[in-house]
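Sequence first, then the predicted structure, then my questions.
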Amino acid sequence: GSITETSDAQAEPGKYKYIESTVTDGLRVIKFNRPAKKNAFLKESYDEVVAALKEAADDPATVVTVTTGAGDFYSSGNDLSNFTAIKGDIKEIAKESGVLLNRFVSAFIDFPKPLVAVVNGPAIGVSVTVMGLYDAVYASDRATFHTPFSNLGQSPEGCSSYTFPRIMGPGKAAEMLLFNKKLTAQEAERVGLVTEVLPADTFQQEVMARLQKHAQLPVKSLVYSKALTRDLETKILHEVNDRECDRLVERWTSDDCVNAIMKFFAAKSKM
Amino acid sequence: GSITETSDAQAEPGKYKYIESTVTDGLRVIKFNRPAKKNAFLKESYDEVVAALKEAADDPATVVTVTTGAGDFYSSGNDLSNFTAIKGDIKEIAKESGVLLNRFVSAFIDFPKPLVAVVNGPAIGVSVTVMGLYDAVYASDRATFHTPFSNLGQSPEGCSSYTFPRIMGPGKAAEMLLFNKKLTAQEAERVGLVTEVLPADTFQQEVMARLQKHAQLPVKSLVYSKALTRDLETKILHEVNDRECDRLVERWTSDDCVNAIMKFFAAKSKM
Amino acid sequence: GSITETSDAQAEPGKYKYIESTVTDGLRVIKFNRPAKKNAFLKESYDEVVAALKEAADDPATVVTVTTGAGDFYSSGNDLSNFTAIKGDIKEIAKESGVLLNRFVSAFIDFPKPLVAVVNGPAIGVSVTVMGLYDAVYASDRATFHTPFSNLGQSPEGCSSYTFPRIMGPGKAAEMLLFNKKLTAQEAERVGLVTEVLPADTFQQEVMARLQKHAQLPVKSLVYSKALTRDLETKILHEVNDRECDRLVERWTSDDCVNAIMKFFAAKSKM
């Protein structure tokens, strides 16, 4: 649960453990709220975000929806401890994780109202890849964008294999998705992944004020306009999501991935 | 009818009321010509543009076709007085307006020769949204680009719900199509909507000289090359046009839109 | 055949006449090697590139593949003397040239591993148009990009009629593909055709060092990730390739093209 700084925000305390979800005068804010772990997603986090998006979609009082991070990070993506916590058949677990991821990404594909990322700091992995499914991405100049898949023997998700080449061109997309390049906020803006970069000092106030204004627009015009820009691709995006998740289920059980993750934890344990 | 500054320009006087259409040495110029009303489109204007595009397509002497505006504006888009002039059943009128708009946008989708916008000043609404169907857009540095749909309870047309996200990425497209952001010429160039910005002082001369040169190229190579870049999408674009017009027919009769337009005229009558 | 500066490079001497193909520690370099003729492609060059791409695809020791040019040019594209060498029925020869070009472009569409252009100098025609099928394009600041099709009465190939509008937007694509505009490396970077521009002095060392590092990544993750970004479009790209080649077969026998090429050689013989 949560208390936000705005007095008329509504939240049901205790509803979520790893996120907060509040709505103020038309603007719904979903905050990744595990700052001690850089807002890394545990399995429960995925399902909580899915539930919060459903809540925002169904709530007549929600016009514009934002995701943002508590503390210095936006999100460090999938918590790699999800892999070490594995007990039982690795193939079975990989399959279950694929179903979980598929459901998470589907919630973004199908979200019917304007969805805006307010990227307060570094963003990694799946928290970046789904950004191609947002309607706008505002970033603090302290934000970074990193999808180190091939380093970890993995492959892209969040429909980024489809959205990134279309947003930034094949070259810039390959640098991120194949060659693990980390972008600054300014670089991410130049390639079109980020809509606008704002100074960190006044970032939250400035962006939230702007979005609060957008949240006063006629919701039907926003929903119908978004549907026009998205509906033609919905079917393709679900196919892409399926293909990406299938490939990851294979990758997660591959030697490439298992060795890379073992190296990651070995290096970490030495620090 | 019209007289242009070039001596060999051909125009049939009296053929059009709200536009001019002249051809000079391969270059056809269609000028929106209602400067006292910022070149806003009346119902007749739509049909005149459709006729002029058909004339340009059929004319063997036309190689490259330009649209531009008389006076300081490019075009302020749909003349909102089209709505107040309504007598009779509003639903019937909305349906007819949808058919008119559909025909107008179809003429751009199907235009077979190079089509270039020479944006001499502010451009609003449908004059902006069809720019995604042009082959190039040159803008004076005094031009602006504005599509305030949701402010008016409306939704995108001109295939912009399809072309804008593909040209400028989903974020910049959403700022224009959902959140009513007005772009400067420089901003429009950075997101790819404008091909090049030139200084207002020498804009017309410089651009027209360049296009006059292009109009000497082999027309068949231009037509066939354009067909290669466009034919794969023609069917999709007509579907998009249909969906956008259907949605607008619904929007025009909605409370959101009726209230917004009443507010607009109330504010205007106080000025 | 070839000797490269790296001691452990492997090449079969005498295998190719107009290109070199060597592999060093995971990085395959295919070098267009006809510097006295600005690396223009003869008929044999097309088939040699196809063979070298097949070799790179099949070779387990090849992770990342590069194309680059010997000397000051990247490639001046199709050697126009391919046209003057014609003996026999011009329509039959045009048809055969279409088949050759189709096979060449198909090899790029179907190439399964990361493919990077290292553009050391000016690039013209088909050497530019296939760049939309690469995963990254690094350019020296002395490189230029030119596709003068309509000047020669021809039309686009290399799937550029599909990839260029999607990468750079319709306006910038039309300037290149319809209006023969030559881009500097910096301009090509701004429109997304080039991934990054580097200073000519240190270009080869800097880019090759970077790619050598990428060539250490797990090849399966790279191949599967590339497949995710490309497979959805493979069928469309082959259709585009077919349509482009059919159109060129018609164009090559047209008066527009024959006259333009006669003018080219007449001007050359006067120099």
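Perfect, I can see it now. In this text the structure is predicted, and so the values were computed from the model without any measurement.

Can you report how many residues lie near A:Glu244?
A:Glu244 has 26 neighbours, counted by other Cβ atoms under 10 Å in any protein chain shown. Every residue, glycine included, has its C-beta placed from N, CA and C.

repeat for A:Ala188
26.

And it, how far from C:Arg142?
Distance, A:Ala188 to C:Arg142, using Cβ to Cβ, to the nearest Å: 29 Å.

quick one: contacts of stretch A:181-188?
A:119, A:137, A:139-146, A:148, A:175-176, A:191, A:193-194, A:197 (Cβ atoms under 8 Å, 6 or more residues apart in numbering or on different chains).

swap the cut-off to 10 Å and go again
A:119, A:121-124, A:128, A:131, A:137-148, A:168, A:172, A:174-176, A:189-191, A:193-198, A:200, C:195, C:214 (Cβ atoms under 10 Å, 6 or more residues apart in numbering or on different chains).

I'd like the list of those residues that fall within strands, please.
A:119, A:123-124, A:137-140, A:144-146, A:196-198 (DSSP state E).

quick one: which of these is nearest B:Ser269?
Of all those, B:Ser269 sits closest to A:Glu196, with 36.5 Å by Cβ to Cβ.

I figured the closest one hits A:Glu189, correct?
Yes: with contacts counted by Cβ atoms under 10 Å, A:Glu196 reaches A:Glu189, the gap being 6.8 Å.

Look up the residues that both of the two are in contact with.
Common contacts of A:Glu196 and A:Glu189 (Cβ under 10 Å, 6+ apart): A:137-139, B:171.

and stretch A:212-230 with chain B, contact?
Yes: using Cβ under 10 Å from any Cβ of the partner chain, stretch A:212-230 reaches chain B at A:213-214, A:217-230.

Kindly indicate whether A:Thr163 is helix, strand or coil.
helix (DSSP: H, G, I helix; E, B strand; the rest coil).

Quick check: the residue of chain A nearest chain B.
A:Thr195 (3.2 Å; Cβ to the nearest Cβ).

what number of residues lie near that residue?
Neighbours around A:Thr195, by other Cβ under 10 Å: 26.

how much space is there between it and A:Tyr74?
From A:Thr195 to A:Tyr74 the distance is 15 Å (Cβ to Cβ).

And A:Tyr134, by the same measure?
From A:Tyr134 to A:Tyr74 the distance is 12 Å (Cβ to Cβ).

A:Val49 too?
Counting by Cβ to Cβ - A:Val49 and A:Tyr74 are separated by 13 Å.

So these two - more neighbours on which side?
Taking neighbours as other Cβ under 10 Å, A:Val49 and A:Tyr74 compare with A:Tyr74 leading, 30 against 24.

Let me see the contact set for the closest residue to A:Met168 other than its chain neighbours.
Distances taken as Cβ to Cβ, 6 or more residues apart in numbering or on different chains put A:Val191 closest to A:Met168, at 3.8 Å, once the chain neighbours are dropped. Going by Cβ under 10 Å, 6+ apart, A:Val191 touches A:145, A:164, A:167-169, A:171-173, A:175-176, A:183, B:169, C:192, C:195.

confidence score at A:Val191?
In this model, A:Val191 is scored at 95, pLDDT.

And A:Val63, by the same measure?
For A:Val63, the model assigns a pLDDT of 98.

pretty sure it contacts A:Val116?
No: between A:Val63 and A:Val116 there is no contact under Cβ under 10 Å: 11.3 Å.

so what's in contact with the two at the same time?
With Cβ under 10 Å, 6+ apart as the test, A:Val63 and A:Val116 both reach A:27, A:211, A:214.

Just the buried positions in the worst-scoring helix or strand of chain A on mean pLDDT, please.
The weakest-scoring helix or strand in chain A, judged by mean pLDDT, DSSP states H and E, is helix A:81-84 (a mean of 73). For helix A:81-84, burial by neighbour count (16 or more other Cβ atoms under 10 Å in any protein chain shown) applies to A:82-83.

CA atoms only: put it into CSV for me.
Only the C-alpha atoms of helix A:81-84 are listed here, as CSV (Å, rounded to 0.1, in the frame of the first residue of the first chain):
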residue,chain,number,x,y,z
SER,A,81,17.6,-14.4,-8.1
ASN,A,82,14.4,-15.7,-9.8
PHE,A,83,16.7,-18.1,-11.5
THR,A,84,18.6,-19.2,-8.3
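
which residues touch it?
A:37, A:40-43, A:45-46, A:90, A:93-94, A:97, A:100, A:252, A:257-258, A:261-262, A:264-265.

one more time with 8 Å, if that's ok
For helix A:81-84, using Cβ under 8 Å, 6+ apart, the contacting residues are A:42-43, A:97, A:252, A:261, A:265.
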